[in-house]
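**Student:** Give me coordinates for this.
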Amino acid sequence: MKKETNEMRSYYCYPNINTLNFLPAFINSVEEDKLRKILGLISCCGYRIGEAMNSFVYKNEDRLIIQAPMEKKKKFTGHTMLFRGFLGEATLKFELKNNPKLWKMNELKFPFKDIDVSWLWDNLSQNQEHPEFLFNGKWSSYKTFYASLHKYPPFELKYRKNKYQLYTTTEYTPSFHFFRKCFCAEAIRKHTFKNIVELTQYIGWEKLDMAMFYVQDYGEGDEQRAIKTFDSNKFHYED
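**Tutor:** Residues are numbered from 1 along each chain as shown. Model prediction:
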C-alpha cells in the first residue's frame, strides 16, 4: 500500500485495530531515546505532548502518579503557559508552588502492556513536593522531533480529509497527538476504565462526545461494540 502524501492532516487520522496491535513494536523500535520515551509515556496516560514533556512521576503506595501543567485550561486557571518545549526546572517548580490549579495529576495507566516503559522506574521523583522532571534539560523544543518521528516507516491507520468524508485505510506516520488517540482507543478496547465517564474525567474533557470523536471508528468490525460501550455509560455520571 502506498503512503498517501497529498493534503494529509494528522487531525483526521484515527487508529484501527491494526494500528493498536502494531503500536508497541513501533514505539519500542524508535532509536532516539528521548523520542521513544515520550511516545511511551503518552501511551500510558494520553497527555498532550507539551504536558508530557513537562511532567514528573512519583510513587503513591503502589500507584505511579504523573503530574504536569495543563495545556488547555486557561478559563479555569486564568493562567497561560506556552508549551513549545521543556519550560525549565525553575519555572515549573515556581508554578507548582504558586499555581497549583494549573497542574493535573493522574495515575499512570498501561493499556499497551508490551510497550517498554521500564525506564520510568529509574526516573521517579522522591515525592510530589520534590519533582524530578522526566525530560529536564533534554528538549528545548519538540518541533524538531517531528522530522525524527517521520523518518520511521508509516503504519496502517484510518484517514479522512474532512469530517464529512468516509474513512479510508492508508499508511502514514502522524503527529504526537495521534498517540493520545491511541491511548484512548486502547483504554476502551482493554476496559482500562470502567466506563466512558471515567475516561472522560481522566483525560480532562468537558464533554463525553470528545471520547466518541477520538475512538469512534477505531476498529475493523469493532465499531458497534465500541458504540454500545459508549451508549451504555453515556448518562451514568458518578459522584
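**Student:** chain center to the helix or strand harbouring K93: distance?
**Tutor:** Secondary structure here is read from DSSP states H and E; on that basis K93 sits in helix 89-98. Here the centre of helix 89-98 is set off from its chain's centre by 23 Å, with Cα atoms, centre = their mean, to the nearest Å.
**Student:** begin at 39 from here
**Tutor:** Noted, 39 is the first residue going forward, which turns the last one into helix 127-136.
**Student:** which outside residues touch that helix?
**Tutor:** In this structure, residues lying in contact with helix 127-136 by Cβ atoms under 8 Å, 6 or more residues apart in numbering are 92, 107, 119, 140-141, 169, 171, 174-175. (C-beta placed from N, C-alpha, C; glycine too.)
**Student:** Now do the buried residues in stretch 127-145.
**Tutor:** Taking 16 or more other Cβ atoms under 10 Å as the neighbour-count basis, stretch 127-145 is seen to contain the buried residues 130, 133-134, 140-142, 144.
**Student:** and if you look at stretch 193-201?
**Tutor:** Residues of stretch 193-201 classed as buried: 193-198 (neighbour count, 16+ other Cβ under 10 Å).
**Student:** Just put those in TSV and tack on distance to G126 and secondary structure.
**Tutor:** As requested, the buried residues of stretch 193-201 are arranged in TSV below (distance: Cβ to Cβ, whole Å; DSSP: H, G, I helix; E, B strand; the rest coil):
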residue	distance to G126	secondary structure
F193	34	strand
E194	39	strand
L195	35	strand
K196	38	strand
Y197	37	strand
R198	39	coil
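**Student:** out of those residues, which one sits closest to W157?
**Tutor:** F193 (22.9 Å; Cβ to Cβ).
**Student:** Could you pull up the residues touching the closest one?
**Tutor:** Residues touching F193, when contacts are defined by Cβ under 8 Å, 6+ apart, comprise 56-57, 60-61, 64, 209-211.
**Student:** Tell me the buried residues within these.
**Tutor:** Among those, the ones that count as buried by 16+ other Cβ under 10 Å are 57, 61, 64, 210-211.
**Student:** any chance of those residues in JSON lines, with distance to M248, pLDDT and secondary structure too?
**Tutor:** Shown next, in JSON lines, are those (distance: Cβ to Cβ, whole Å; pLDDT from 0 to 100; DSSP: H, G, I helix; E, B strand; the rest coil):
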{"residue": "T57", "distance to M248": "19", "pLDDT": "92", "secondary structure": "helix"}
{"residue": "L61", "distance to M248": "21", "pLDDT": "96", "secondary structure": "helix"}
{"residue": "F64", "distance to M248": "25", "pLDDT": "96", "secondary structure": "helix"}
{"residue": "Y210", "distance to M248": "22", "pLDDT": "91", "secondary structure": "strand"}
{"residue": "T211", "distance to M248": "24", "pLDDT": "89", "secondary structure": "coil"}
